[in-house]
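Q: Need coordinates for the following:
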Amino acid sequence: MKRLLCGALLLAAGSLMAQQQDSQPYNSPDNAPPKLPQEQAPALPDVPAPSPEANQNIQQQIQKDLSTEPVLADSVVDVTVYDNSIVLMGTVGNEQQHVMALRIAASHAGDRVIVDAIQAQEKEGYRL
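A: Prediction:
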């Protein structure tokens, strides 16, 4: 009886193995996953690039705000506005003035990156 049971088990295992060998491998053309269309970046909305006049207007506004800010009275900061960035260059007396100049530029920046090239003459209570 044990031999009969073992024989039946071997026969069942053998037939299962035979069925697995007959199936097609995953990477065969008939069994491959469906091909998707080439991935493309999503279309961006039609947003016009800022005009040179818009950049100039923003530059003038930032320069005006910097020159009329009482905290920045003794500082010299030049502003250049590009389509994607605003560059601040110059010197200020201390870190408080430095932060104020960055805040003024950020208030007009929109999506533009602020490039900080301002040097503070006095940092954290130490004179350079």
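Q: Below-threshold pLDDT in this protein: ranges please.
A: 1-50, 123-128 (pLDDT under 70).
Q: which stretches of the chain form helices?
A: 2-22, 52-68, 95-109 (DSSP state H).
Q: Next, count neighbours for G110.
A: Residues near G110, counting by other Cβ atoms under 10 Å, number 10. (Each C-beta comes from the backbone N, C-alpha and C, glycine too.)
Q: roughly how far apart are it and D65?
A: 15 Å (Cβ to Cβ, to the nearest Å).
Q: residues touching D111, list them.
A: When contacts are counted by Cβ atoms under 8 Å, 6 or more residues apart in numbering, D111 touches N84.
Q: Was I right to think L102 contacts V113?
A: No: contact criterion Cβ atoms under 8 Å: L102 and V113 do not qualify, at 12.0 Å.
Q: Look at those two and report which has more neighbours.
A: L102 (17 against 11).
Q: And that one, how close does it get to E95?
A: Applying Cβ to Cβ to L102 and E95 gives a distance of 11 Å.
Q: repeat for V115
A: V115 is 18 Å from E95, by Cβ to Cβ.
Q: Then I104?
A: The value you get for I104 to E95, if Cβ to Cβ is used, is 15 Å.
Q: residues contacting the closest residue to A106 other than its chain neighbours?
A: Closest residue to A106 apart from its sequence neighbours, by Cβ to Cβ, 6 or more residues apart in numbering: I114 at 5.9 Å. For I114, the contact set (Cβ under 8 Å, 6+ apart) comprises 85-86, 88, 102, 105-106.
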